[in-house]
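Trainee: need the 3D shape of this:
(2 chains)
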Protein chains: 2
Amino acid sequence: MMEETEHHISQQFNQELRELRNQVLSMGGLVEEQLLNALTALVECDIQLAKRVYNSDYKINALEVAIDEDCSRIIARRQPAASDLRLLITVIKTIGDLERIGDEAERIAQMAMQEAEESPSRYFVAINHFGNHVKQMLHDALDAFARMDVDAALHVIREDLKVDNEYDSVSRQLMTYMMEDTRSIPLVMDIMWAARALERVAAHSRNVCEYVIYFVRGKDVRHVSVDKIEEVARVPK
Amino acid sequence: MMEETEHHISQQFNQELRELRNQVLSMGGLVEEQLLNALTALVECDIQLAKRVYNSDYKINALEVAIDEDCSRIIARRQPAASDLRLLITVIKTIGDLERIGDEAERIAQMAMQEAEESPSRYFVAINHFGNHVKQMLHDALDAFARMDVDAALHVIREDLKVDNEYDSVSRQLMTYMMEDTRSIPLVMDIMWAARALERVAAHSRNVCEYVIYFVRGKDVRHVSVDKIEEVARVPK
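Mentor: As a prediction, this is how the structure comes out:
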């Protein structure tokens, strides 16, 4: 009887942890949608869509607070150890980064709201391409989290190096636009801020992938070179 | 005898929590020093000092990883609840923000490293003043954490609104410098990035203060208006 109760409790616990992961994925889906809409609003000068993004950020914040509460409650009631505790820590960290990605999407939307209808489209070509790359990176990071897949996580971490180079080249290009035509400076500065926001989204996506490796391999790989991370990733726990 | 053992264990546990808070304060002291040096390096064009900041960031990262490990170990071994668990969550969140402040200091140092000796000093007047304000805010946030002082935390949260306005006025001013003299654009852009980094430092300092209120009052006050936070802060738990 005792064993059965314990089995029952552990089944309930597993169910709670599954729920928690699903909640993170819902939050991730919302964050992805916000980023997508913010970029579309920026590139297509769609002020209505930008406002929608701006007015939806509270949903992401509310999810962060709710999931954090769930984590605290689960830790207090279930007293988890080993991989269960690692999962909870992974969730707490991940939602922090997702919330910040939401903030960056909101920032991009703010830039889009300030845009004039007649903004020359050539300014947006570079950032559009860059934005698509970063969107893909976020998508892949959420996918790595969903499947707790170390190889997928590693792939995203490697992409972040490329994104950094791309960001440098986008900002250099934007700077030449400013130098060519000083009247363009306010608009191009806004695009510059949007590019910076995208670079941050990529960094947060990378963080999520580092937490995935921490969960699966039990090793903290933050602040570690990509070569070193690959070494850790190869060794099964 | 049993009671004595329990008393002993709880004393040990309290000691562990005290140690943990001290570790966070050490990390905070290091972060403060990095920010101070980065700003001095920027304003005084001191490339050696900038390099020192750049090469010291790893210490902050190492502290973050070590404190995170301690938190996990304490949660697994002590199975904390109520305010003990809140303290651990507060510490985990706080060190995340401190580490990011360290990154921003590193970014400011990178800008300082790119500077030419003959940079016109008028560009640095505005950011110097702004930097001093943000430094004070970080200092006050760490102080609020050290004393777990809700009023001090509230003060910092209110300051963050002023910092946002100051940031807007600094960036507008920098933009006019760029428009007046296109040759200044690359240098002024670097100062712009430094200003942005300072704005982020202020936001992270505010976050730390929100965690202080969460710890003391047991209410999550992130993503909440300052008026609402003041209401929560007034009600004793």
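
Trainee: tell me, how many residues neighbour residue A:67?
Mentor: 21 (other Cβ atoms under 10 Å in any protein chain shown). Bear in mind the C-beta positions are built from the backbone N, C-alpha and C, glycine included.

Trainee: which helix or strand contains it?
Mentor: For residue A:67, the element it lies in under DSSP states H and E is helix A:47-78.

Trainee: residues from chain A in reach of chain B?
Mentor: A:58, A:61-62, A:64-65, A:68-69, A:72, A:75-76, A:79-82, A:85-86, A:89, A:92-93, A:96, A:175, A:178-179, A:182, A:185-186, A:189, A:192, A:196, A:220, A:222-223 (Cβ under 8 Å from any Cβ of the partner chain).

Trainee: now, of those residues, which are buried?
Mentor: A:61, A:64-65, A:68, A:72, A:75-76, A:80, A:85-86, A:89, A:92-93, A:96, A:175, A:178-179, A:185, A:189, A:192, A:196, A:220, A:222 (16 or more other Cβ atoms under 10 Å in any protein chain shown).

Trainee: and the lengthiest helix in chain A with helix A:47-78, angle?
Mentor: Ranked by residue count, the top helix of chain A under DSSP state H comes out as helix A:2-43. Interaxial angle of helix A:2-43 relative to helix A:47-78 (axes from the mean of the first three to the mean of the last three Cα atoms, to 10 degrees): 160 degrees.

Trainee: nearest spatial neighbour of the spatially most central residue of chain A, chain-adjacent residues omitted?
Mentor: Nearest to the mean C-alpha position of chain A, counting by Cα atoms, centre = their mean, stands residue A:205 at 4.1 Å. What sits nearest to residue A:205 in space, not counting adjacent residues and going by Cβ to Cβ, 6 or more residues apart in numbering or on different chains, is residue A:141, at 3.9 Å.

Trainee: distance of that neighbour relative to residue A:158?
Mentor: In this view, residue A:141 and residue A:158 are 12 Å apart by Cβ to Cβ, to the nearest Å.

Trainee: now residue A:167
Mentor: Taking Cβ to Cβ, one finds residue A:167 at 16 Å from residue A:158.

Trainee: ok, now residue A:5?
Mentor: 47 Å.

Trainee: quick one: which of those two has more around it?
Mentor: With neighbours defined as other Cβ under 10 Å, residue A:5 and residue A:158 compare such that residue A:158 has more, 14 against 9.

Trainee: so the more buried one is in which element?
Mentor: Counting by DSSP H and E, residue A:158 is part of helix A:150-180.

Trainee: mind listing what the residue nearest to residue A:205 touches?
Mentor: A:153, A:156, A:205, A:206, A:208, A:209 (Cβ atoms under 8 Å, 6 or more residues apart in numbering or on different chains).

Trainee: returning to that earlier point: average pLDDT across the helix holding residue A:158?
Mentor: Averaging pLDDT along helix A:150-180 yields 95.

Trainee: same check, this time on stretch A:207-227
Mentor: Stretch A:207-227 comes out at a mean pLDDT of 94.

Trainee: mind listing what's buried in it?
Mentor: Quick answer for stretch A:207-227 (16+ other Cβ under 10 Å): A:207-217, A:220-222, A:224.

Trainee: next step: the residues you listed restricted to helices.
Mentor: Going by DSSP H, the helices hold A:207, A:208, A:209, A:210, A:211, A:212, A:213, A:214, A:215, A:216, A:217 from the buried residues of stretch A:207-227.

Trainee: just checking, the residue nearest to the centre of chain A touches residue A:135?
Mentor: No. Counting by Cβ atoms under 8 Å, residue A:205 does not reach residue A:135; the two are 9.7 Å apart.

Trainee: measure the residue nearest to residue A:53 when sequence neighbours are not counted to chain B for me?
Mentor: In space, and not counting its chain neighbours, residue A:53 is closest to residue A:109: 3.7 Å by Cβ to Cβ, 6+ apart. Residue A:109 sits 17 Å away from chain B, taking Cβ to the nearest Cβ, to the nearest Å as the criterion.

Trainee: what of residue A:104?
Mentor: For residue A:104, the distance to chain B - Cβ to the nearest Cβ - is 12 Å.

Trainee: separation between that residue and residue B:190?
Mentor: 21 Å.

Trainee: just for chain A, where's the confidence low?
Mentor: A:1-3, A:117-118, A:237 (pLDDT under 70).

Trainee: apply 80 and report the result again.
Mentor: Applying pLDDT under 80 to chain A picks out residues A:1-9, A:115-121, A:236-237.

Trainee: residues near residue A:173, how many?
Mentor: Other residues close to residue A:173 by other Cβ under 10 Å number 15.

Trainee: residue contacts, it?
Mentor: Contacts of residue A:173 by Cβ under 8 Å, 6+ apart are residue A:126.

Trainee: distance of it from chain B?
Mentor: 13 Å.

Trainee: and for residue A:152?
Mentor: 23 Å.

Trainee: please name the nearest non-neighbouring residue to that residue.
Mentor: That would be residue A:144: by Cβ to Cβ, 6+ apart, it lies 3.8 Å from residue A:152.

Trainee: which ones are touching the one you found?
Mentor: A:150, A:152, A:153, A:155, A:156, A:208, A:209, A:212.

Trainee: just checking, residue A:138 touches residue A:32?
Mentor: Yes. In this structure, residue A:138 is within contact of residue A:32 by Cβ under 8 Å, at 5.9 Å.

Trainee: which one of the two has more residues nearby?
Mentor: residue A:138 (24 against 19).

Trainee: what's the angle between the helix or strand hosting that one and helix A:2-43?
Mentor: Using DSSP H and E, residue A:138 sits in helix A:122-147. Relative orientation of helix A:122-147 versus helix A:2-43 (the same axes, to 10 degrees): 170 degrees.
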